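Engineer: Show me how the following folds:
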Amino acid sequence: MGLCLFLIDNTMSIIQLSALPGDVHLATPGCPPEYEVENENMSRQLFEEIVSRSVKTKEWTRDDFEIGCPLGRGKFGRVYLARVKYSHLIVAIKVLYKSEIRKSNVEHQVLREIEIQTHLKHPNILSLRTYFYDEKRIYLVLDYAAGGELYKHLQDSPNHSFSERKAAKYVYQVADALNYCHLNKVIHRDIKPENLLLTLTGDIVLADFGWSVHAPSSRRKTMCGTLDYLPPEMLDGIVYNEYVDHWCLGVLCYEFLVGKPPFESKDTNETYARIRKVDVRFPKCVPEGAKDLISKLLRRFPAERLPLPDVMKHPWIVNNKGK
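Structural biologist: Below you'll find the model as predicted:
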């Protein structure tokens, strides 16, 4: 079946079971603080699922889940709402088709996404709970972000932009998640509204890690990501580091407030030229505090970009995110 292409470690798809109560109730991700302990226990159930009264190892299969409606569609498959049959835990299942992965020659990219997202545990990062596979597909079991795609919320907002309060809150949460990634030597490389989801309580979770990389040396040269969010060093094909994510955060903040990326142009060459010159034009709707933050993130030289802890402490963020 050629499964070696899709395994990081054979033990990753095997879950050791332990005794759990027979009655398990549904817990929704993003629940209020008073239910956090119960919610955490429910998440743990996914790894300690009772399939029988014996204490044997369990390999997950498609039959362990009730698959519901589609939540979204990607290049290599779809994401579905699902429920674990035995615990009734609501999850999202990302189904990837091996034929499409092989055809696009991205086996290594998929492996990397699984490995990285499995090990990242942060409230603003979508958790990959486990994965399994059959002859044709790979199944990634993810937390369910009930608020849906942030991009849709942005498009449905007046002028396709957010209020200062929402923009500051979201930028703070993305900065917090990215700072955690960087502390763990992970560069995301594809921050944009389409890769952000919302929980039931309206908090950001960083999702798609398809372009992310674990880089202990923090030095990379691969060009990837989305055109309007590409930093100058990627365009120039030079070695870059985690500061590419700082640039993307500046672009994201601008789009939250203006409704479009700062370097969006009629053609690709013009976009490239504006990125290289850091040609940022602020409309009147952008407040001075936000201008200051964005300007400190969109710097031509990576080392000059504002550190993420300082983003989280920036006056515009602090004064608006809690309103």
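
Engineer: C-alpha only now, for contacts and for neighbours.
Structural biologist: Will do.

Engineer: taking the mean pLDDT, what do you get for stretch 169-183?
Structural biologist: In this model, stretch 169-183 carries a mean pLDDT of 96.

Engineer: what about it, distance to the chain center?
Structural biologist: Offset of stretch 169-183 from its chain centre (C-alpha atoms, centre = their mean, to the nearest Å): 11 Å.

Engineer: Would you mind giving the domain segments of this protein?
Structural biologist: 3-143, 148-321 (automatic domain parsing).

Engineer: how long is the longest one end to end?
Structural biologist: So the one you mean is domain 148-321. One end of domain 148-321 sits 21 Å from the other (C-alpha to C-alpha, to the nearest Å).

Engineer: Run the chain-centre distance for it.
Structural biologist: 13 Å.

Engineer: got a list of what the closest residue in space to Arg274 that isn't next to it in sequence touches?
Structural biologist: In this structure, Arg274 finds its nearest non-sequential neighbour in Phe263, 5.9 Å apart by C-alpha to C-alpha, 6 or more residues apart in numbering. Taking C-alpha atoms under 8 Å, 6 or more residues apart in numbering as the criterion, Phe263 is in contact with 228, 271, 274-275, 279-280.

Engineer: what do you get for Ile101?
Structural biologist: Here Ile101 is in contact with 76, 107, 110 (criterion: C-alpha under 8 Å, 6+ apart).

Engineer: now Lys136
Structural biologist: Applying C-alpha under 8 Å, 6+ apart, the residues near Lys136 are 97-99.

Engineer: Buried ones among the residues you listed?
Structural biologist: 97-98 (16 or more other C-alpha atoms under 10 Å).

Engineer: so of the contacts of Lys136, which ones are in helices?
Structural biologist: Within these, residues falling in helices by DSSP state H are 98-99.

Engineer: Pipe the contacts of Lys136 into CSV and attach distance to Leu252 and pLDDT per row.
Structural biologist: As requested, the contacts of Lys136 are arranged in CSV below (distance: C-alpha to C-alpha, whole Å; pLDDT from 0 to 100):
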residue, distance to Leu252, pLDDT
Tyr97, 31, 91
Lys98, 32, 91
Ser99, 34, 90
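
Engineer: Distance to Asp190 added to the contacts of Lys136, as TSV?
Structural biologist: Listed next are the contacts of Lys136 as TSV, based on distance: C-alpha to C-alpha, whole Å:
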residue	distance to Asp190
Tyr97	22
Lys98	23
Ser99	24
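
Engineer: my read is the residue nearest to Arg274 is in a helix, agree?
Structural biologist: No: Phe263 is assigned coil when assessed by DSSP: H, G, I helix; E, B strand; the rest coil, not a helix.

Engineer: What residues sit buried inside stretch 65-84?
Structural biologist: Quick answer for stretch 65-84 (16+ other C-alpha under 10 Å): 65, 67, 76-77, 79-84.

Engineer: Give me the mean pLDDT for stretch 260-277.
Structural biologist: 93.

Engineer: Give me the distance between the most centrally placed residue in the chain and Thr268.
Structural biologist: Centroid-nearest residue in the chain: Ala207, 1.9 Å away (criterion: C-alpha atoms, centre = their mean). Applying C-alpha to C-alpha, the value for Ala207 to Thr268 is 27 Å.

Engineer: what do you get for Thr118?
Structural biologist: 35 Å.

Engineer: ok, the two, which is more surrounded?
Structural biologist: A count of neighbours by other C-alpha atoms under 10 Å puts Thr118 above the other of Thr118 and Thr268, at 18 against 12.

Engineer: I'd guessed that one sits against Leu126; true?
Structural biologist: No: judged on C-alpha atoms under 8 Å, Thr118 makes no contact with Leu126 at a distance of 9.7 Å.

Engineer: Am I right that Ala82 falls within a strand?
Structural biologist: Yes: if the criterion is three-state DSSP, then Ala82 is within a strand.

Engineer: does the closest residue in space to it that isn't next to it in sequence count as helix, strand or coil?
Structural biologist: Using C-alpha to C-alpha, 6+ apart and skipping the chain neighbours, the partner closest in space to Ala82 is Ile67 (4.4 Å). Following three-state DSSP, we place Ile67 in the strand state.

Engineer: Contact partners for Ile67?
Structural biologist: 80-83.

Engineer: Test my guess that Val244 contacts Tyr229.
Structural biologist: No: using C-alpha under 8 Å as the test, Val244 is too far from Tyr229 to be in contact (9.3 Å).

Engineer: Could you verify my assumption that His314 touches Asp292?
Structural biologist: No: taking contacts as C-alpha under 8 Å, His314 lies outside contact range of Asp292: 9.2 Å.

Engineer: now the strands: where do they sit in the stretch 201-323 of the chain?
Structural biologist: Per DSSP state E, counting those that start in this stretch, the stretch 201-323 of the chain carries strands over the ranges 204-206, 213-214.
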